[in-house]
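**Student:** just to be clear, the model below is a prediction. Sequence and coordinates:
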Amino acid sequence: MRLESVKRDVSSSGVMEISQAKIRASAKLFDMFANDTYANKPLAIMRETVSNAIDAHVKAGRADRPVEVQLPTPLDPTCRIKDFGTGMPHHFVMNDFMEYTNGSTKDTDDGQIGGFGIGSKSPLSYVDQFTLRVVHEGVLSVYTLFKGEDGIPAIGLQAQTTTDEPNGVEVSFPVEDADMQTFADAAQEALQYFQPLPLITNGTLKAPDYTNVGNNWAMRKQGGPLGVIMGGNRYPVTTASLDYTLRSNAKLSPLLEYGLDLTLPIGACGVAMSREQLSYVPKTTASIQAALEAVIDDVVKTFANYFDAAPSLWDAMKMLAEETGYTNSYTRNGRAQLLLGNARYQGNKLETTFRIAPADLTTHKLRGDEVKGWRIEPQRSRRTSNCPSPKWTAMVELYGITPGEIEMVIVDDLPQTPKSKTVGKIKQFVTDQPQAKSILIVRGKDESQLRQLLALLHNPSDVTLTSTLPEPAPKPKAAPSTRPKVRMFSFNGKPDRFTHRPIRNLTPASSKRDAVKEIPYADQPASGIMVVMNSFDLAPDFHDKMSTGLVAWSDLYFINVADEPKIKATFKNFEDVFKERLTKALAAYPELPQRLALAKHEDMSRFTNVFKKLDADRTFHALPKAVKDRPFGRLFSAWQKYVKPIDLQQQQLMPFVTAKLPTGVDPKALGEAIEKTQKEARILINQLRLEDGEHRAILYKFL
């Protein structure tokens, strides 16, 4: 890329002595190039090394040949970038190539991407050394480029031999396991805009996802700020940094946020040395402005006749709505905004909505009280019961009509009599639809008015006549039911919405309407689990039983005791189901009675918090067996065996078992023994902070 140098006229009259600024080669300087130049080092390495490889292909006349990139894997943790360009002679590598900022041969050539002379050393931003494999005119040279002991980059020739390989350069360096995905992501982000796309080994590379591609511009599906692509590198444009004349341009400024990517010639815009962002010099704004004006021209040409293929203005409006989506103007993407602003139909601006004014009726020789419309919205046409009653409205009162929102136009050509079949046919038609539709039904006094009315609607090409709709199906007679009628309720277990207490009486009331529902007779099941109530009262232990989780609320149906005999034959009784499932659940915990007895015992409970802390301390577990055989240790062992394993499921089952102390464990006797023989330990337990390791060590001496 051609780098511009600005010539300045400087007057130095009266100056007695001049000294030029100098840069001394130092570790600090080269660390700045390696570590401070790039914000995202993996991304920069991919971008810089591949850019250099593509430049080499252009110079060698092989611009259409892809660069090869091998991504690292756990089996081969090496990243390789290989080109098939001209290679480099040995004397160039050892001299000019190593000159930072002055070692580039591209700073006077806008056909080349590079120009600063530092991108070729970008791997040093990630590793302390990397390998350079160069083939030039039948000679293979392998170099190591590394940071010397003084921190200054150096290059060393490792091997040199003759070869029949084609010219080219391969850059390779090791990648840590934790960074392999980062480099794969960096390859996708940095390389997707190069042409041709690099060939990727151990990974994939996808081209950008564009919704629309024009002449040197494309539009990203996700939208967002403008981007500039030069030499395969995409630079995000900072809108605030552009010249005010462009930002205030009413025609061009909206394009800055439409998700456009502009492809410009190398050198059209200034670029920062890191090549991570643009340099907003005057030519940058000028190039972007010229490119945006070209986009507008291209869009106008593209969309000028795009919708003329539609058979009518109604269908063109519908087509425009489909192209731009049905979202509001704040969420439409850039392509939709461009379409809405530039779409034409037969030379006239195309809109998505129109309305019928009284003057339009006069033009078509129609009377407002004779031509009417009925609009059925999708949300109201999903079920037979929700199909609305007819609301014939004067056409001028339909306000905005958006063809893109109307899936079907029905013309009522049936005679308008008090017993017209129109409503019945339409309701039957709506009921038979596999999914909801937005329907516009229009009617006029005679055939002539209907033709004028369709012209008023800009001639929709696909209309349906009510006379062609199927006849309404006769309502089937309800089959007599032999199932006894009972009052049946569902209950989801939620508390009273006012008191927030458990509901124990299912009498319907406003405070319970979120939890208790009476099931209509037609919807009542023929079988299930039956909970019998006495005057809507639940059994006192019912909520305790449900807290075990053995029965789901959704499986239960609630009836009063007087209705039990009517459905007893086909429903299971809740108490029987619960007893069966409780027996099965308790079989999984044979020691639950012993666990309950110890967990509730007073002499065990007062030591529970201490036991929890000591259980987590490995030092206590390492104490001699003689200590563990003393009263405190024996009580602690009983806690570990019986109380510690208690989980939530066992806690829920405990109200339904009888406590029974395990054989050989008497917590009361052990508690009394601790008071007599380990009194000092009991006192320390009450006084010391057991979270403190030093205090626990003191305690262990008395156990």
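**Tutor:** Arrived safely, thanks for sending. Numbers count the residues shown, from 1 in each chain.

**Student:** pLDDT score for Val50?
**Tutor:** With respect to pLDDT, Val50 has a value of 95.

**Student:** one more: Glu99?
**Tutor:** 84.

**Student:** now do Asn560
**Tutor:** 94.

**Student:** got the phi and psi for it?
**Tutor:** phi -80, psi 160 (degrees, to the nearest 10).

**Student:** and it, how far from Glu518?
**Tutor:** 12 Å (CB to CB, to the nearest Å). (Each C-beta comes from the backbone N, C-alpha and C, glycine too.)

**Student:** what sits against Leu71?
**Tutor:** With contacts defined as CB atoms under 8 Å, 6 or more residues apart in numbering, the neighbours of Leu71 are 79, 180, 183-184, 187, 200-203.

**Student:** just put these in TSV and tack on neighbour count.
**Tutor:** Formatted as TSV, those follow (neighbours: other CB atoms under 10 Å):
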residue	neighbour count
Cys79	29
Met180	18
Phe183	21
Ala184	22
Ala187	25
Ile200	19
Thr201	13
Asn202	15
Gly203	17
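
**Student:** out of the residues you listed, list just those in strands.
**Tutor:** 79, 200-201 (DSSP state E).

**Student:** on that earlier part again, shared neighbours, Asn560 and Glu518?
**Tutor:** Arg487.

**Student:** out of these two, which sits in the busier spot?
**Tutor:** Asn560 (17 against 13; other CB atoms under 10 Å).

**Student:** strands along the stretch 1-150 of the chain, start to end?
**Tutor:** 68-70, 78-82, 129-136, 139-147 (DSSP state E, counting those that start in this stretch).

**Student:** can you get me a residue count around the closest residue to Glu591 other than its chain neighbours?
**Tutor:** With sequence-adjacent residues excluded and distances taken as CB to CB, 6 or more residues apart in numbering, Glu591 is closest to Tyr642, at 6.7 Å. By the criterion of other CB under 10 Å, Tyr642 has 21 neighbours.

**Student:** next, the contact list for Tyr642, please.
**Tutor:** With CB under 8 Å, 6+ apart, Tyr642 has these contacts: 591, 594-595, 598-599, 662, 665.

**Student:** let's see 6 Å
**Tutor:** 594-595, 598 (CB atoms under 6 Å, 6 or more residues apart in numbering).

**Student:** just among those residues, which is most surrounded?
**Tutor:** Leu598 (25 neighbours).

**Student:** mind checking pLDDT for the nearest residue to Leu465 once chain neighbours are set aside?
**Tutor:** Leaving aside its sequence neighbours, Leu465 sits nearest to Asp413 (CB to CB, 6+ apart; 4.9 Å). The per-residue pLDDT reported for Asp413 equals 87.

**Student:** separation between Asp413 and Leu582?
**Tutor:** 70 Å.

**Student:** please report phi then psi for Leu635.
**Tutor:** phi -70, psi -40.

**Student:** count of residues packed around it?
**Tutor:** 23.

**Student:** which residues touch it?
**Tutor:** Leu635 sits in contact with Leu670, where contact means CB under 6 Å, 6+ apart.

**Student:** now do 10 Å
**Tutor:** By CB atoms under 10 Å, 6 or more residues apart in numbering, the residues touching Leu635 are 598, 603-604, 607, 611, 665-667, 669-671, 673-674.

**Student:** rebuild the residues you listed as a markdown table, extending it with pLDDT, distance to Trp553 and secondary structure.
**Tutor:** Compiled in a markdown table, these are given as follows (pLDDT from 0 to 100; distance: CB to CB, whole Å; DSSP: H, G, I helix; E, B strand; the rest coil):
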| residue | pLDDT | distance to Trp553 | secondary structure |
| --- | --- | --- | --- |
| Leu598 | 89 | 33 | helix |
| Asp603 | 82 | 39 | helix |
| Met604 | 84 | 35 | helix |
| Phe607 | 79 | 39 | coil |
| Phe611 | 77 | 37 | helix |
| Val665 | 88 | 39 | coil |
| Asp666 | 89 | 42 | coil |
| Pro667 | 87 | 38 | helix |
| Ala669 | 87 | 45 | helix |
| Leu670 | 85 | 43 | helix |
| Gly671 | 82 | 43 | helix |
| Ala673 | 83 | 49 | helix |
| Ile674 | 79 | 46 | helix |
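
**Student:** any idea which of those is closest to Gln160?
**Tutor:** Looking at the contacts of Leu635 and their distance to Gln160, the nearest is Phe611, at 74.6 Å (CB to CB).

**Student:** can you tell me the number of residues neighbouring that closest one?
**Tutor:** Neighbour tally, Phe611, other CB under 10 Å: 19.

**Student:** what do you get for the one 5 residues further on?
**Tutor:** By the other CB under 10 Å criterion, the neighbourhood of Ala616 contains 8 residues.

**Student:** buried ones in stretch 657-665?
**Tutor:** 657, 661-662, 665 (16 or more other CB atoms under 10 Å).

**Student:** adding distance to Leu278 and secondary structure, write those out as JSON lines.
**Tutor:** Formatted as JSON lines, the buried residues of stretch 657-665 follow (distance: CB to CB, whole Å; DSSP: H, G, I helix; E, B strand; the rest coil):
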{"residue": "Val657", "distance to Leu278": "76", "secondary structure": "coil"}
{"residue": "Leu661", "distance to Leu278": "81", "secondary structure": "coil"}
{"residue": "Pro662", "distance to Leu278": "79", "secondary structure": "coil"}
{"residue": "Val665", "distance to Leu278": "80", "secondary structure": "coil"}
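
**Student:** let me have those in TSV, extended by distance to Pro208.
**Tutor:** Below are the buried residues of stretch 657-665 laid out as TSV (distance: CB to CB, whole Å):
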residue	distance to Pro208
Val657	67
Leu661	74
Pro662	71
Val665	73
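
**Student:** so Pro225 is in contact with Gly259, correct?
**Tutor:** Yes: using CB atoms under 10 Å, Pro225 is in contact with Gly259, at 8.0 Å.

**Student:** re earlier: closest to Pro474 out of the ones in strands among the contacts of Leu71?
**Tutor:** Ile200 (66.9 Å).

**Student:** okay, now the residue nearest to the closest one when sequence neighbours are not counted: neighbour count?
**Tutor:** Of all residues not flanking Ile200 in the chain, Val69 sits nearest, at 5.4 Å (CB to CB, 6+ apart). When neighbours are defined as other CB under 10 Å, Val69 has 24 of them.

**Student:** ok, now Met533?
**Tutor:** So Met533, with other CB under 10 Å, has 22 neighbours.

**Student:** so, low pLDDT: which residues of the protein?
**Tutor:** 1-37, 101-117, 303, 326-335, 378-388, 418-419, 434-436, 476-483, 618-623, 681-703 (pLDDT under 70).

**Student:** and the longest helix seen in it, what's buried?
**Tutor:** Ordering each helix of the chain by length in residues (DSSP state H) puts helix 282-303 first. Across helix 282-303, burial judged by 16+ other CB under 10 Å covers 284-285, 287-289, 291-292, 295, 299, 303.

**Student:** burial of the residue nearest to Leu465, as a residue count?
**Tutor:** 15.

**Student:** got it, and Leu582?
**Tutor:** Leu582, neighbours per other CB under 10 Å, totals 17.

**Student:** from Thr245, how far off is it?
**Tutor:** 82 Å.

**Student:** same deal with Asn505?
**Tutor:** 77 Å.

**Student:** got the phi and psi for Leu592?
**Tutor:** Torsion angles, degrees, to the nearest 10, at Leu592: phi -60, psi -40.

**Student:** quick one: contacts for it?
**Tutor:** Neighbours of Leu592 in contact, by CB under 10 Å, 6+ apart: 585-586, 642, 646, 650, 653-654, 656-660.
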